[in-house]
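Enquirer: fold the following, please.
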Amino acid sequence: MIYNSTREISRSGVDRGSAGIENYTELFSQAVLPGILLRTLVWVVVVLAATVIISLAIAQLLDKAFPGRRIVRMIVIIPWASSVVMTTMVVFYGLEPFIGIFNQFFVDVGLLDQPYGFTKNPVSAFVWSMVVAVFVSLPFTTYTILSGLQTVPSDVLEAAAMDGAGPVKTYFRIVLPQLRSAIAVSVLINIINVFNSLPILRVMTGAMPGNDADTIMTYIYKFLDAGKYDVASALSVVGFVIVLAIVAIYLKVVKPLGDQS
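Expert: Take a look at the predicted model:
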């Protein structure tokens, strides 16, 4: 990618020689680029935060004994085991204004007066893309946190109960700190996965004109569609540098493996 980003590559893939930094110049001259970078940040932060918060609740539930727990644990895996494209297509057609079952449900329960074109509007389509991204990210994050919950010493919890600590105080003072490594690792993996996610946005917003629902990944794809492989390579390098910087800062600040040196 780094090499291709400095070359002039024709639509048919022929290398016409060195382009220097012209591809980067063209890339950074795009008026839509700041919005795309901001949207990528929103995409990662919102999906990541929602995924972790919901996964903490689900993991806490699955850590308790209740009838049918094994079945529920298997159900939680379904979004992980299913094709991301298939899952997104189900949601996409479910949101269609006239044939979508979700749209019909919203009308039936009174949330909408009439069907709404969620997939026709960049903002609503982008929001629903985040919903799908959270849904497919839950299994991995939930099971990572669940594995961390099962390492919390029971004698520590018993001691907290004997000292009069309530469930909320015990969770935030004892359980949550014990989950630090599990949460940190799941966040790290999700940062990389969500940042580099293409299929969900490609299905939900790929047919829309303009760039109002694009992130870095979908913008790369549009450059590829236009035959601008050299500029797409330049944006790929920029995206790689951004995610590498985020991960480096995260590792430095959070120390997911507990290294305090």
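
Enquirer: can we go C-alpha only for contacts and neighbour counts from here?
Expert: Will do.

Enquirer: what about the helices in the stretch 51-200 of the chain?
Expert: Counting by DSSP state H, counting those that start in this stretch, the stretch 51-200 of the chain has helices at residues 69-81, 84-94, 101-108, 122-149, 154-162, 167-170, 176-178, 180-195, 199-205.

Enquirer: want to throw those helices into JSON lines with mean pLDDT and distance to T218?
Expert: Listed next are those as JSON lines, based on pLDDT from 0 to 100; distance: least, C-alpha to C-alpha, whole Å:
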{"stretch": "helix 69-81", "mean pLDDT": "85", "distance to T218": "22"}
{"stretch": "helix 84-94", "mean pLDDT": "93", "distance to T218": "15"}
{"stretch": "helix 101-108", "mean pLDDT": "91", "distance to T218": "26"}
{"stretch": "helix 122-149", "mean pLDDT": "93", "distance to T218": "12"}
{"stretch": "helix 154-162", "mean pLDDT": "79", "distance to T218": "47"}
{"stretch": "helix 167-170", "mean pLDDT": "82", "distance to T218": "42"}
{"stretch": "helix 176-178", "mean pLDDT": "85", "distance to T218": "36"}
{"stretch": "helix 180-195", "mean pLDDT": "91", "distance to T218": "11"}
{"stretch": "helix 199-205", "mean pLDDT": "93", "distance to T218": "7"}
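
Enquirer: only the buried residues of stretch 28-41, if you could.
Expert: 33, 36-37, 39-40 (16 or more other C-alpha atoms under 10 Å).

Enquirer: and what of stretch 63-76?
Expert: Applying 16+ other C-alpha under 10 Å to stretch 63-76 flags 73, 76 as buried.

Enquirer: one more: stretch 11-29?
Expert: For stretch 11-29, a neighbour-count test (16+ other C-alpha under 10 Å) marks 22-24, 27 as buried.

Enquirer: show the end-to-end separation of that stretch, please.
Expert: End-to-end distance for stretch 11-29, by C-alpha to C-alpha, to the nearest Å: 21 Å.

Enquirer: residues making contact with it?
Expert: 5-10, 33, 226-231, 234-235 (C-alpha atoms under 8 Å, 6 or more residues apart in numbering).
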